[in-house]
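*Asks:* Quick one, structure for this:
(2 chains, ligands or ions: 4)
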Number of protein chains: 2
Amino acid sequence: QKPPKRTLSAVAVTSIVDGLKKLYLEKLKPLEVAYRFNDFVSPTLTDSDFDAKPQVMLLGQYSTGKTTFIKHLLRSSYPGAHIGPEPTTDRFVVVMGGPDERNVPGNTIAVQADMPFSGLTRFGQAFLAKFECSQMPHPLLEHITFVDTPGVLSGEKQRTQRSYDFTGVTEWFASKCDLILLLFDPHKLDISDEFKRVITSLRGHDDKIRIVLNKADQVDTQQLMRVYGALMWSLGKVLNTPEVMRVYIGSFNDREIDEAKVGPMGKDLFEREQEDLLADLKDIPRKACDRRINEFVKRARQAKIHAYIIGQLKKEMPAMIGKAKAQQRLIDNLEDEFAKVQREFHLPPGDFPSVEHYRERLAGYNFDKFEKLKPKMLEAVDTMLGYDIPELLKKFRNPYDN
Amino acid sequence: QKPPKRTLSAVAVTSIVDGLKKLYLEKLKPLEVAYRFNDFVSPTLTDSDFDAKPQVMLLGQYSTGKTTFIKHLLRSSYPGAHIGPEPTTDRFVVVMGGPDERNVPGNTIAVQADMPFSGLTRFGQAFLAKFECSQMPHPLLEHITFVDTPGVLSGEKQRTQRSYDFTGVTEWFASKCDLILLLFDPHKLDISDEFKRVITSLRGHDDKIRIVLNKADQVDTQQLMRVYGALMWSLGKVLNTPEVMRVYIGSFNDREIDEAKVGPMGKDLFEREQEDLLADLKDIPRKACDRRINEFVKRARQAKIHAYIIGQLKKEMPAMIGKAKAQQRLIDNLEDEFAKVQREFHLPPGDFPSVEHYRERLAGYNFDKFEKLKPKMLEAVDTMLGYDIPELLKKFRNPYDN
Ligand SMILES: Nc1ncnc2c1ncn2[C@@H]1O[C@H](COP(=O)(O)OP(=O)(O)OP(=O)(O)O)[C@@H](O)[C@H]1O
Ligand SMILES: Nc1ncnc2c1ncn2[C@@H]1O[C@H](COP(=O)(O)OP(=O)(O)OP(=O)(O)O)[C@@H](O)[C@H]1O
Ligand SMILES: [Mg+2]
Ligand SMILES: [Mg+2]
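*Replies:* Ligands and ions are numbered 1, 2, ... in the order given. Now for the predicted structure:
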C-alpha cells in the first residue's frame, strides 16, 4: 500500500467541526452529489448543520416547569418567555445564543440558510406560526441550544386538536437533539394519549432521554415515594425498554427548597440530584462532538455503499438496445444487485439500506444517466476515513475532553 | 310475598363464621350435592375451610428477609425457622397458632381433615416433602396464619429445576390467601424467569398483592431512589395493571434502622411505612371476614345457576327413546340451553359459567340420571341469601369492625 496522498486543503483548520466541514466539502460531498445521495438517503449537509450547537429539548405537560427550568439554568428569562400556572408557552421556542436579545418568527428562521431548521418547513404554515427563535448573548448558550415546547395536552384538552403534526415535530427535534428532558411534577403524573404518542415518537433516541420529577418539594417524603413509584410504574410500560431511564428528582427553579416539607434529608437529596443533572448537561457538548464525528463517519460509509449500488446499476445497463427492459429487470431483482455489490467490495450486509426503499426511489430514474463508478472519488472518501479524520482527532481532540 | 320461614337450626350460632358454616350445611350443601356442584365448579366445603385463619403469604428471592419478617412480627422465631444470608428456607412453611410448639410434616398435615390443606396433595410427594406446618401458641397467630416460602430462584439456579410445580403451589396458596407480600431488597431486584412465572400465577389476586422493598437502610437515599425506581419500572411491566401496587419501603427486622446511612428523614419515612404496613396487616382479619361472606354469597349464586342448568338438561331429555341422541344434541347446542335458563329465570348473563368447560365435563354423564329441578331446595338457598345472611350480619357484625 502506498501512503495516501494528503489532500486536506491548505486553508487552516481551527477545530474538529471546522475540519469535518472542510472534509465534507472537499471529499464526501462530491461523491454524494455525483450519485444523488440526497435523493435516496439524507439531504446534503450545509454549514449550519455543522455549526449548530448541541440541543436540549424539554417536553412535558403544561406547568411542569419547562420554561422555569431554562430560566433557572440561564439565571435569566429568555426573550419572550412566559411562565405561569396556566398553559403559557404556546409554541416551540429555540433558545440560542446571539449578539443581542431578539425574537425571530418561525417563518423567517426556517428559511435562513445559516440555521439548521429548514427541515421544519414540511410541517407547514400552521406549525411555523407556532415556532420561534429566541436569541440572547449568554455564555451557556454558546455551548447549548434549548428547545422549549408547549405543554403536552391531557384529558379534555386533547380533543381540541392541534393545527399541526405535534408528534411529527417532536420526532424531528428528537433526531437533532442531544438530550431530551421529560418533565413531570407530583400533581401532573398522568401520561395522556398525546404524551404517549410523543414518547413513542422518541423511539430510537432512548439514550438521549432523561426524566425530571420536578417540584418534588411540594409533597412530603412518603407522598413523594408514592408519586415517584407511580411515575416509574407507568413510564416503564410506555417506554418499554429494559434499561431504566435516569430520573432526576428535585425542584429546578430559583426558589430555595422547602426544607420544612422535605426535611434536611430531602434537601440534601434534591441538591445532589441537581448537581448530577448539571453534570449531565455540562457533558452534552463533549458527547455531541463525539456523536457528530460518529454520525459523519456513518454517513460517509452510507454514501460509499450508495455509490457502489448506483455504479453497479449503471454497469449492468446494455450499451445500445433494450434499456427500458433491462432497467425494469434490475429493479425487479434489486436484491441480487445488492448482493453482487456486497460480495465484490467485501461490505458488511448489515450496512446495506432497505431494498424496498431503493426500489421505490429508483422507479423515477433513468439508469442510463447514472454515473459510472469513479474510483478516484471513492478513494478520496477512503483516505478521509482512514487518514484525515484520525489525523484531525489527533490534532484537536474533543475540545470538551479534560 | 309471604315472610320467609325461619329455618336456621336451633343450635346456638356464636359468630358469623359459625353461622355461615351452619347455613352451608343446612341449605347450600344439599343443593350442591344434588346437582354435583363439586364436579363442575368447586369442591364441597369442609369445616376447616370455614375455620381457617386469614393467611398472609411471603414471596421473594432468597435472602430478601421473608423469614426475618415473620420473626419480626411475631417477635420470636417460629419452630423450625432458619435465617441466613445463603438460601435457607427450603420449603413452604405454614406458620399457625396451636397449643404447643411443634412441626408437622407436609404429608401429615395434608391428610388432616381439620386442616384446609388437602388440596395440596395433587402436587404430589415431591412437594409434600417440601411442605411443613409450624405451630406455636401466639396471640397474633390466633388471627393470622403466615405462609413462609423458599426463595424464588434466579440466574443459574433456575436451571437446576424444582422437583415440583412451584408456580402451581404459589397459585394455590394465592387463591386461599388474603394478602401476598412480594419482598425485594436493594441488592436483589432482578425479576428472574421463575419470579415472572410466580407473579403471573398471582393474576386475578392483584388486590391482595403488596410490595415490600426491604433492607432499605442498606443504601443511601440517592441509591434508594434509583433502586426503588428500577423496581417499579420493571414491576409495572410484569404485573401490567394500570393501578400501581402499594409498596412499603423500610427495614423489617429487629435491628434499629441505620440512621447514619439514611439520615433522620429516612428513619422517619421507614417508621411511617412500617406503621402503614402493620395497619394493613391488622386489617386482614376484618377484610378476610368480609371476603368470606362475599365469596359464600357468590358461591351460593353459582350453585343456583348450576342447579338450573342441570335441571334444564334433565327436563329436555325425552321420556322413552332416543336418549343418547338427545343428550348429544343438548351438548352440541349447550349455548342455547344456557340462554333458555338465563331467560326463564332472569339471570344476569355475566354470572354464567363457561360453556366450553361445561361441555367438557358433561361428556362423562348420563343426563337421564340428573335430578329434576327441586324448587324447595332453591327456595331454601334464596331464603338464605335474602334473609338468613342479612340477619346473621345484623346479629354479629364483623367482629373486627370497630
Ligand atoms: N420547581 C418548581 N417548584 C415550584 N413551582 C414551580 C417550579 N417550577 C415551576 N414552577 C411554577 O409552575 C408554574 C408553571 O411553570 P412554567 O410556566 O415554567 O411551566 P411550563 O412547563 O413551561 O408550562 P407550559 O407548558 O404551560 O409552558 C409557574 O407558576 C412556576 O412558577
Ligand atoms: N431488614 C433487614 N435488614 C438487614 N438485614 C436483614 C433484614 N432482613 C433480613 N436480613 C438478613 O438477610 C439474611 C436473609 O434473611 P432471611 O433468611 O430472613 O431471608 P429469606 O427471604 O427468608 O431467605 P430464604 O429465601 O433463603 O429463606 C439474613 O442474614 C438476615 O439476617
Ligand atoms: Mg413553558
Ligand atoms: Mg426464609
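
*Asks:* Name the residue of chain A that lies nearest to ligand 2.
*Replies:* Closest residue of chain A to ligand 2, CB to the nearest ligand atom: residue A:225 (17.3 Å). Where C-beta positions appear, they are placed from N, C-alpha and C, glycine not excepted.

*Asks:* so that residue makes contact with residue B:249?
*Replies:* Yes. At 6.1 Å, residue A:225 and residue B:249 qualify as touching, with contact defined as CB atoms under 8 Å.

*Asks:* How much space separates the residue in the stretch 101-250 of chain A that ligand 1 sits nearest to from residue A:162?
*Replies:* Closest to ligand 1 within the stretch 101-250 of chain A is residue A:151: 2.8 Å, counting by CB to the nearest ligand atom. Distance, residue A:151 to residue A:162, by CB to CB, to the nearest Å: 12 Å.

*Asks:* Same question for residue A:172.
*Replies:* As judged by CB to CB, residue A:172 and residue A:162 stand 15 Å apart.

*Asks:* cool, and residue A:268?
*Replies:* From residue A:268 over to residue A:162 the distance is 41 Å, taken as CB to CB.

*Asks:* Looking at these two, which one has more neighbours?
*Replies:* Legend: neighbour count by other CB atoms under 10 Å in any protein chain shown for residue A:268 and residue A:162, higher for residue A:268 (18 against 15).

*Asks:* I'd say that one and residue B:220 touch.
*Replies:* No. Assessed by CB under 8 Å, residue A:268 is found out of contact with residue B:220, at 9.8 Å.

*Asks:* Which neighbours do residue A:225 and residue B:249 have in common?
*Replies:* B:228, B:269 (CB atoms under 8 Å, 6 or more residues apart in numbering or on different chains).

*Asks:* any residues touching stretch A:116-126, and which ones?
*Replies:* By CB under 8 Å, 6+ apart, the surrounding residues in contact with stretch A:116-126 are A:43, A:46, A:48-49, A:52, A:94, A:106-107, A:109-112, A:127-128, A:131, A:133, A:163-165, A:168-169, A:172, A:176.

*Asks:* Please narrow these to those residing in helices.
*Replies:* A:48-49, A:106-107, A:109-111, A:127-128, A:168-169, A:172, A:176 (DSSP state H).

*Asks:* In the stretch 51-200 of chain A, where is pLDDT below threshold?
*Replies:* Low-confidence segments of the stretch 51-200 of chain A (pLDDT under 70): A:155-160.

*Asks:* Please repeat the previous calculation with a cut-off of 80.
*Replies:* Where the stretch 51-200 of chain A drops to pLDDT under 80, the residues are A:154-161.

*Asks:* could you show me where the strands are in it, in order?
*Replies:* Remark: strands assigned in the stretch 51-200 of chain A by DSSP state E, counting those that start in this stretch are A:55-60, A:92-97, A:102-105, A:131-136, A:145-148, A:179-184.

*Asks:* Please identify which of those strands is closest to ligand 3.
*Replies:* Among the strands of the stretch 51-200 of chain A, the nearest to ligand 3 by CB to the ion is strand A:145-148 (5.8 Å).

*Asks:* ok, and what's touching the closest one?
*Replies:* Strand A:145-148 has contacts (CB under 8 Å, 6+ apart) with A:52-58, A:66-67, A:70, A:73, A:78, A:81, A:89, A:92-97, A:173, A:177.

*Asks:* Can you say which of those residues are buried?
*Replies:* With burial judged by 16 or more other CB atoms under 10 Å in any protein chain shown, the buried subset of the contacts of strand A:145-148 is A:52-58, A:66-67, A:70, A:73, A:78, A:81, A:89, A:92-97, A:173, A:177.

*Asks:* Quick check, the residue of the stretch 101-250 of chain A closest to ligand 1 in contact with residue A:65.
*Replies:* No. The criterion here is CB under 8 Å, and residue A:151 misses it with residue A:65 at 10.4 Å.

*Asks:* Excluding residues flanking it in the chain, which one is nearest the residue nearest to the spatial centre of chain A?
*Replies:* Residue closest to the mean C-alpha point of chain A, counted by CA atoms, centre = their mean, is residue A:176 at 1.8 Å. Spatial nearest neighbour of residue A:176, chain neighbours left out: residue A:55 (6.0 Å); criterion: CB to CB, 6 or more residues apart in numbering or on different chains.

*Asks:* so what's that neighbour up against?
*Replies:* Applying CB under 8 Å, 6+ apart, we find residue A:55 in contact with A:94, A:144, A:145, A:146, A:147, A:173, A:176, A:177, A:178, A:179.
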